[in-house]
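Chemist: Pasting the sequence and the predicted model now:
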Amino acid sequence: MTLIEKILAAHTGQKKVNPGEFINASVDLILANDITAPIAIREFQRFGIEKVFDPKKVVMVADHFAPNKDINAAEQSKIMRDFCSRRGIIHFDVGEMGIEHVLLPEKGLILPGDVVIGADSHTCTYGPLGAFASGMGSTDIAAAMATGDIWLKVPPTIEFVYHGNTGKWVGGKDLILYTIGQIGVDGALYTAMEFTGEAIDALSMDGRFTIANMAIEAGAKAGIFRVDQKTLDYIKPRSKRPYTIYEPDKDAEYARVIEYDVTNLEPQVSLPHSPANTRPVSQVGNIMIDQAVIGSCTNGRLEDLNLAAQVLKDKKVHAKTRCIIIPGSQEVYLDALRKGLIEIFIQAGAAVSTPTCGPCLGGYMGVLAAGERCISTTNRNFVGRMGSPQSEVYLANPAVAAASAVMGRIASPEEVVKN
Amino acid sequence: MLKGKVHKYGANVNTDAIIPARYLNVSEPTELAKHCMEDIDTEFVKRVKPGDIIIAITNFGCGSSREHAPLAIKASGISCIIAKSFARIFFRNAINIGLSLLESAEAPDNIKTGDIVEVNLAAGKIKNLTNGLVFTAKPYPDFMAGIIAANGLIEYTKKRLAAK
Ligand code: SF4
């Protein structure tokens, strides 16, 4: 069995599961946010029961439109807050919150071998912890809150092997944008993506979270990594309960194995309006930008802010460009503050925000006008994603976004940081 | 038996196109329906009539997990969606809330905007009344047929809870 199959089998009490098989798996954690929770709560109430199966296995995070962006958003957050406090459900609210997919691993809520489901498509972000994590809708979450289990179709696994060592400005974002560019937005539809190879071994946990985060952008059900020393070092100070590390069998059957040599890979940029519309930064051409956004569940972690700071140090954001930087969680924010990164950002003329999804989904804190262009470290550049349907979003890594903010056009970090 | 006029879209229609995030500060289906498909088809809301059918190519509903997307489509009056393939989460969500989806490799290429299509859900038969062509949809796996028969996931789960 593959890694994913082993985890799923362990949650069904079966010795073996096979791709394509329908199973009922027990869940270790259920997630919802201020957009998806209100519908899940409305559906849950149709059961006519008061209690969720285990309030310590349900987490709700106010992150999309929180701190509340308007009255309607405030009402949605309130529905979630009231539901959680009545039932003792884990709830992260303003002051303690972060973007859910940055926050939950940090809080040690997800551990190797877990089955996690979330009413948010980027729930797949937790794969680097050696867990099965998959996004679904609010009604699925409502049912799971009542029963503690979820129906799943066991996905076939595709192994993606990355050979070689990447250059200084190339990270997890570039590997995943490149991959989606190769296989397309439905290239991994209904499958699990397992990421391996030297380039993956060399990545930090932050870089791996970035890759797993965008598995959904290739249509995948989950993205997963094998547990190594870096995973264990990450979990050690955070875990508060036992966990199980699974390994794929030697004779595990993969639907496909796709190999890339990434030795000479350049930073990648996805042009509007698809994450699969990828090309190397040197071939993007002269694209003026109005705004650069650095943050989100894709690239709002400390390593990301560090990269942005290396580029922005002693530089100024271009006079015609707005640069908005959003740490993914309070912990990331505080670490960045202690390391002096926030000062670098403010000196450079960037705006720094409290953790929120904000502009990533066109909510607030940097919505685009018609005709405006934004380079963003987020994960989707669909029509209208960050504001007006006549605006454009270009996806890139934090160093490219920062370099572009300085140049006022899409630029490589090498143009800005001379060694 | 469903019968309605066709609204046809291309491949990879994403959930931001179905219902832009700027409208997700509410969750009532009728409110959401007012902005359904807005960013890719400003006329959809004005044109759509109860019973109408959406035809798409591949990976319909990709992107976010927002259940607001199938809720908006359902509340706009659409009776079913026919495509070559659907994005995984959208597929679950639609089945869970009782919006019918049909997968067919041939039908989408042989149906165009404005055609009148008749669908027999139980038999998985799709008939384009405009050109007379008939197609068979891929049958649902038994497991999903159970959820559909129960009228969605909540009713299905109610039965499971009662049996416990
Ligand atoms: S940061 Fe963007 S992609 Fe991530 S959870 Fe928030 S809205 Fe979704």
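Modeler: Everything's here; your move.
Chemist: Now residue 56: closest residue in space, sequence neighbours ignored.
Modeler: Just going to use chain A. In space, and not counting its chain neighbours, residue A:56 is closest to residue A:90: 6.7 Å by CB to CB, 6 or more residues apart in numbering or on different chains. Yep, even glycine has a C-beta here, placed from its N, CA and C like the rest.
Chemist: I was after chain B.
Modeler: residue B:83 (4.1 Å).
Chemist: repeat for residue A:397
Modeler: Using CB to CB, 6+ apart and skipping residues adjacent in sequence, the residue nearest residue A:397 is residue A:173, 3.9 Å away.
Chemist: Go ahead and confirm that neighbour touches residue A:268.
Modeler: Yes. The pair residue A:173 / residue A:268 is scored as a contact, 7.4 Å apart, by CB atoms under 8 Å.
Chemist: Name the residues contacting each of these two.
Modeler: A:396-397 (CB atoms under 8 Å, 6 or more residues apart in numbering or on different chains).
Chemist: The two: which is more packed in?
Modeler: Each of residue A:173 and residue A:268 has its neighbours counted (other CB atoms under 10 Å in any protein chain shown); residue A:173 has more, 29 against 24.
Chemist: Please determine how far the more buried one is located from residue A:231.
Modeler: 20 Å (CB to CB, to the nearest Å).
Chemist: Same check on residue A:304?
Modeler: 19 Å.
Chemist: more crowded one of these two?
Modeler: Between residue A:304 and residue A:231, counting by other CB under 10 Å, residue A:304 is the more crowded of the two (33 against 19).
Chemist: Nearest residue to residue A:205 in space, please, no chain neighbours.
Modeler: Spatial nearest neighbour of residue A:205, chain neighbours left out: residue A:234 (4.7 Å); criterion: CB to CB, 6+ apart.
Chemist: Going by neighbour count, list what's buried in the helix or strand hosting that neighbour.
Modeler: In this assignment (DSSP states H and E), residue A:234 forms part of helix A:229-235. Buried residues in helix A:229-235, counted by 16 or more other CB atoms under 10 Å in any protein chain shown: A:230-231, A:234-235.
Chemist: One more: stretch A:128-145?
Modeler: Buried residues in stretch A:128-145 (16+ other CB under 10 Å): A:128-145.
Chemist: Spell out which parts of the stretch 151-300 of chain A neighbour the ligand.
Modeler: For the stretch 151-300 of chain A, the residues in contact with the ligand (CB under 6 Å from any ligand atom) are A:296-297.
Chemist: which bits of the stretch 151-300 of chain A sit near chain B?
Modeler: Contacts of the stretch 151-300 of chain A with chain B, taken as CB under 8 Å from any CB of the partner chain, map to A:151, A:153, A:185-186, A:189-190, A:219, A:221, A:274.
Chemist: Repeat the analysis, applying 10 Å as the threshold.
Modeler: A:151-153, A:155, A:184-186, A:189-191, A:216-221, A:273-276 (CB under 10 Å from any CB of the partner chain).
Chemist: Next, work out how far apart the nearest residue to residue A:225 once chain neighbours are set aside and residue A:229 are.
Modeler: Nearest non-adjacent residue to residue A:225, counting by CB to CB, 6+ apart: residue A:128, 4.6 Å away. Relative to residue A:229, residue A:128 is positioned 13 Å away (CB to CB).
Chemist: Which two among the buried residues of helix A:229-235 are spaced furthest apart?
Modeler: Using CB to CB, the buried residues of helix A:229-235 span at most 9.8 Å, a distance reached by A:230 and A:235.
Chemist: Between these two, which contacts overlap?
Modeler: Counting by CB atoms under 10 Å, 6 or more residues apart in numbering or on different chains, the shared contacts of residue A:230 and residue A:235 are residue A:205.
Chemist: For residue A:259, identify the helix or strand it belongs to.
Modeler: Counting by DSSP H and E, residue A:259 is found in strand A:256-261.
Chemist: Residues contacting that strand, please?
Modeler: A:156-164, A:175, A:178-179, A:182-183, A:187-188, A:191, A:193-194, A:196-197, A:199.
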